[in-house]
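In: need a structure here:
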Amino acid sequence: MSPVSGNLTILLVDDDLRILQIFADALAEIGGFRVLTAQNGLEGLERLLDARPDCVVIDVKMPQIDGYQMARVLRGDPDTADIPLVILTAMAQEQDRFIGKASGVDLYLTKPVKPTALIAAIHQAISLSAADRVRRMRDLAESPGN
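Out: Just a heads-up that it's a prediction; the model follows:
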């Protein structure tokens, strides 16, 4: 267990209870994170009111508020705009990735993914600065075809 991970809280948002439990257990046991869970985007936003996580891992296809909408809400609020965001989804097409990046997520992972890869992605997202996020969004807006 990384000593840094033990102090970090991760909010994991997915409507598939089996996946939610598998990754919550892995993040806690292998990654040493404190893990909070939510079963949809709305519940995830409500959990953010109780605790400010160090990173949010979001599925895309969920009832009520999907992962892209949740990312846009978080990025649009000055109180949550700097929280690292990772999408973890089965949606693997390039268009899906583009929408995820345009929604403001830091990293876009596709299922299936090994827990160790998710843990590495969380650490990578946490290491990004606000300037890195602004630069990435500017580059995305200026890229050809937009």
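
In: How about C55: what's its closest non-neighbour residue?
Out: P84 (4.3 Å; Cβ to Cβ, 6 or more residues apart in numbering). For the C-beta atoms, the positions are set from N, CA and C on the backbone; glycine is no exception.

In: ok, how many other residues are close to the one you found?
Out: 22 (other Cβ atoms under 10 Å).

In: now G76
Out: 10.

In: Can you verify my assumption that the residue nearest to C55 contacts I122?
Out: Yes. Between P84 and I122 there is a contact at 7.5 Å, judged by Cβ atoms under 8 Å.

In: Overlap in contacts, these two.
Out: C55 (Cβ atoms under 8 Å, 6 or more residues apart in numbering).

In: Now do the contacts for L20.
Out: By Cβ under 8 Å, 6+ apart, the neighbours of L20 are L12, D14, T37, Q39.

In: now I10, what's its secondary structure?
Out: At I10 the chain is in strand, as set by DSSP: H, G, I helix; E, B strand; the rest coil.

In: which outside residues touch the least confident helix or strand in the chain by mean pLDDT?
Out: The element with the least model confidence among the helices and strands of the chain, by mean pLDDT, DSSP states H and E, is helix 130-142, at a mean of 77. The contact list for helix 130-142 (Cβ under 8 Å, 6+ apart) reads D82, K101, A102, G104, D106, N146.

In: All good on my end, thank you.
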